[in-house]
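Trainee: next one to model:
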Amino acid sequence: MIKQASKQSGFTLIELVVVIIILGILAVTAAPRFLSLSSDANKAALQSMGGAIKSAANLVYAKSVIQGLQNNAKTTIDIDADGIDDLEISYGYPSANRNNSISKIMGSGFDNDWTWSTTYGDTRFWLTTASLGGRSGVYVNQTAVLNSGCYILYDPVTTIGSSPKISYVTTDC
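Mentor: Modelled structure (predicted):
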């Protein structure tokens, strides 16, 4: 009776090392792409909010035209037909008032999900997510928003016939 030598199968140490090296190279090249996803998500959140603000501002403008208030440099408007002026407007669009403009038209969840402030004299509205700002709601100064490096700037209308300007700072998103 002749015994056949058993043949072992498996990977050699060199083959395993080569596979590990290849996986390492793939991980190094793919990791930056996956790591930037949170940055992309933050930018998308800002873009989405910017679009929502622009849409809401246009609706407020339509309401101000109906009420004949679109030519006033600064006034208030009743947006929910309850007889109480709810919102400060500038030439028909929401002003940059810290307490009585964008924050009033953005609806539920805004106070908890976003951080905002204005410049002295309400000439610009600053806005970032609460997670980036490290807090939520309205603040007297822009420090929390500016320190995020990822925010929206809302510049209200300053002349008849123009529209508000929305811009984005995304250096540290």
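Trainee: what segments of the protein are strands?
Mentor: 75-77, 87-90, 93-94, 114-118, 125-129, 137-138, 151-155, 165-169 (DSSP state E).
Trainee: among these, which is nearest Ile66?
Mentor: Closest to Ile66 of the strands of the chain, according to Cβ to Cβ: strand 75-77, at 9.8 Å. In short, each C-beta sits where N, CA and C put it, glycine included.
Trainee: circling back: can you redo the strands of the chain as JSON lines with mean neighbour count, distance to Leu13 and mean pLDDT?
Mentor: Output for these, formatted as JSON lines (neighbours: other Cβ atoms under 10 Å; distance: least, Cβ to Cβ, whole Å; pLDDT from 0 to 100):
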{"stretch": "strand 75-77", "mean neighbour count": "18", "distance to Leu13": "77", "mean pLDDT": "95"}
{"stretch": "strand 87-90", "mean neighbour count": "23", "distance to Leu13": "72", "mean pLDDT": "95"}
{"stretch": "strand 93-94", "mean neighbour count": "26", "distance to Leu13": "68", "mean pLDDT": "96"}
{"stretch": "strand 114-118", "mean neighbour count": "25", "distance to Leu13": "55", "mean pLDDT": "92"}
{"stretch": "strand 125-129", "mean neighbour count": "25", "distance to Leu13": "50", "mean pLDDT": "94"}
{"stretch": "strand 137-138", "mean neighbour count": "14", "distance to Leu13": "60", "mean pLDDT": "88"}
{"stretch": "strand 151-155", "mean neighbour count": "22", "distance to Leu13": "53", "mean pLDDT": "96"}
{"stretch": "strand 165-169", "mean neighbour count": "15", "distance to Leu13": "52", "mean pLDDT": "97"}
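Trainee: low-scoring stretches of the protein, by residue?
Mentor: The chain contains residues with pLDDT under 70 at 1-8, 32-36.
Trainee: at 50 instead, please
Mentor: Residue ranges of the chain with pLDDT under 50: none are present.
Trainee: give me the residue at the spatial middle of it.
Mentor: By Cα atoms, centre = their mean, the chain has its centre lying nearest to Leu46, at 2.0 Å.
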